[in-house]
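Colleague: structure here, sequence nowhere to be found:
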């Protein structure tokens, strides 16, 4: 079989911010199928690039937690968050004072 496509870590020539920005717009779409596919793409990015995408994916946490309230999206959100926490986010990110995950959950921000 063919080798799967290998994603490169972000660098001067490889920048995932535009792609993540477009996927974030799709997360705000009104149809659940569009949201689910955007989350699947984010999961693949998280699994392919890993912790180098932390700066790009962390701002999406509050959006994903908000989408988890929709019954049709719960499974997709869970899979996406699993890939984030399995590949991009770690326990150290939870414990950091300035950039902690609980700050992403604060709805007042």
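Modeller: Arrived safely, thanks for sending. The shown structure was predicted, so the numbers you read here are calculated from the model rather than taken from an experiment.

Colleague: for the protein, what helix or strand is lowest in average pLDDT?
Modeller: Lowest by mean pLDDT, DSSP states H and E among the helices and strands of the chain is helix 101-105, with a mean of 60.

Colleague: pull out the buried positions in stretch 20-28.
Modeller: 20, 23, 24, 26, 27 (16 or more other CB atoms under 10 Å). C-beta here means a position set from N, CA and C on the backbone, and glycine is covered the same way.

Colleague: cool, stretch 50-66 as well?
Modeller: When burial is assessed from 16+ other CB under 10 Å, stretch 50-66 yields the following buried residues: 53, 54, 56, 57, 58, 60, 61, 62, 63, 64.

Colleague: start to end distance for that stretch?
Modeller: In terms of CA to CA, to the nearest Å, the two terminal residues of stretch 50-66 are separated by 23 Å.

Colleague: what of stretch 14-33?
Modeller: 29 Å.

Colleague: how about residues contacting that stretch?
Modeller: Outside of stretch 14-33, the residues that reach it under the criterion CB atoms under 8 Å, 6 or more residues apart in numbering are 8, 10, 34-35, 37-39, 41-42, 45, 49, 53, 56-57, 59-60, 63-64, 67, 70, 72-73.

Colleague: what about residue 40, how many neighbours?
Modeller: When neighbours are counted by other CB atoms under 10 Å, residue 40 registers 15.

Colleague: quick check, it in contact with residue 76.
Modeller: Yes - with contact defined as CB atoms under 8 Å, residue 40 reaches residue 76; the gap is 7.1 Å.
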